[in-house]
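Engineer: How does the following fold in three dimensions:
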Amino acid sequence: MKKNIEILQRVADLVGFKFSSYLKFEEVELEGGLVISNQTEGAFQTGDVVSLKNEDGTFTIVGAGEHKLMDGRVFITDAEGKLVEIREGESEGGEVEVVIEAAEVPVEVPAGVEDVMTEGVVQAVVEALAPVVEELKVLSEEMKKMKKDYESFKASSAYEPLREDKVVSSMFSTDHRYELLKAMKENLKK
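Structural biologist: Next comes the predicted model:
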C-alpha cells in the first residue's frame, strides 16, 4: 500500500495535483530539544520507524541507539530506525508522565476528492498507469535504438566531403584564382 501511495504521489506531482488534508503525526521531544516522530497516527509502538524532524520540516530516519525523551522514557532503535524497545521512565513523583504532541502536516485536496481517495481508488490508478509505464519503457528503448541507428547512418555517408572533391578543389587553387582575376581585369579594360 505504501508503494502505491508513493506512485500516486509521483503521478500527482507530475500533473501538478496537490493533496490537502491534515495528518497528525505523533511527535515527542528529546532531552536535547530535538523532536522525533513515528510519522503515523497514534502512539509510538515497537516496530515504528522513528524519524528526526529537521528544521525545514522534513524528516530523517534516526540510526541505532538510545533516545531519551523529555518525559523520561527511552526509545531504543536499530540501524534502520525501527523502534525495538520503549523503556518507561519515572518522574519525580513516582508516576509515569507521558507527553504526546501531534503535528499537523497540511496536504491540499480539492473539494470532493478526499471522499474518493480510498485504497481501492489508489490501486485502480496504479493499475491504470501500469500499461502507460510499460509503454514508456518500450518507447524509451525504441528511441535509444533510433539514436544508435542515426549515429551509424551519419557515420556511413555515401559521399566524400566537399573539401576532398578534386574537381572543386582544383577550381579554387591559387593558380586558378589568379587566372580568373586576370580574365576579369581584361574584361574591365574592354
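Engineer: Walking through the chain, point out its helices one by one.
Structural biologist: 2-15, 119-155, 166-171, 174-189 (DSSP state H).
Engineer: weakest of those helices in terms of mean pLDDT?
Structural biologist: Among the helices of the chain, helix 166-171 has the lowest mean pLDDT, at a mean of 63.
Engineer: A43: which of the helices of the chain is closest?
Structural biologist: helix 2-15 (20.0 Å; C-beta to C-beta). Yep, even glycine has a C-beta here, placed from its N, CA and C like the rest.
Engineer: Just the CA trace of the closest one, in CSV.
Structural biologist: Only the C-alpha atoms of helix 2-15 are listed here, as CSV (Å, rounded to 0.1, in the frame of the first residue of the first chain):
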residue,chain,number,x,y,z
LYS,A,2,2.8,2.4,0.9
LYS,A,3,4.4,1.8,-2.6
ASN,A,4,1.0,2.6,-4.2
ILE,A,5,0.8,5.8,-2.3
GLU,A,6,4.3,6.8,-3.4
ILE,A,7,3.4,6.1,-7.0
LEU,A,8,0.2,8.1,-6.7
GLN,A,9,2.1,11.0,-5.2
ARG,A,10,4.6,10.9,-8.1
VAL,A,11,1.8,11.0,-10.5
ALA,A,12,0.1,13.8,-8.6
ASP,A,13,3.4,15.7,-8.7
LEU,A,14,3.8,15.2,-12.4
VAL,A,15,0.3,16.6,-13.2
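Engineer: domain assignment for this structure?
Structural biologist: 20-108, 161-190 (automatic domain parsing).
Engineer: Could you dump the helices of the chain into JSON lines with mean neighbour count added?
Structural biologist: Supplementary listing: the helices of the chain in JSON lines, determined by neighbours: other C-beta atoms under 10 Å:
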{"stretch": "helix 2-15", "mean neighbour count": "12"}
{"stretch": "helix 119-155", "mean neighbour count": "11"}
{"stretch": "helix 166-171", "mean neighbour count": "10"}
{"stretch": "helix 174-189", "mean neighbour count": "9"}
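Engineer: Need these in JSON lines (columns: distance to E80).
Structural biologist: Listed next are the helices of the chain as JSON lines, based on distance: least, C-beta to C-beta, whole Å:
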{"stretch": "helix 2-15", "distance to E80": "15"}
{"stretch": "helix 119-155", "distance to E80": "25"}
{"stretch": "helix 166-171", "distance to E80": "71"}
{"stretch": "helix 174-189", "distance to E80": "78"}
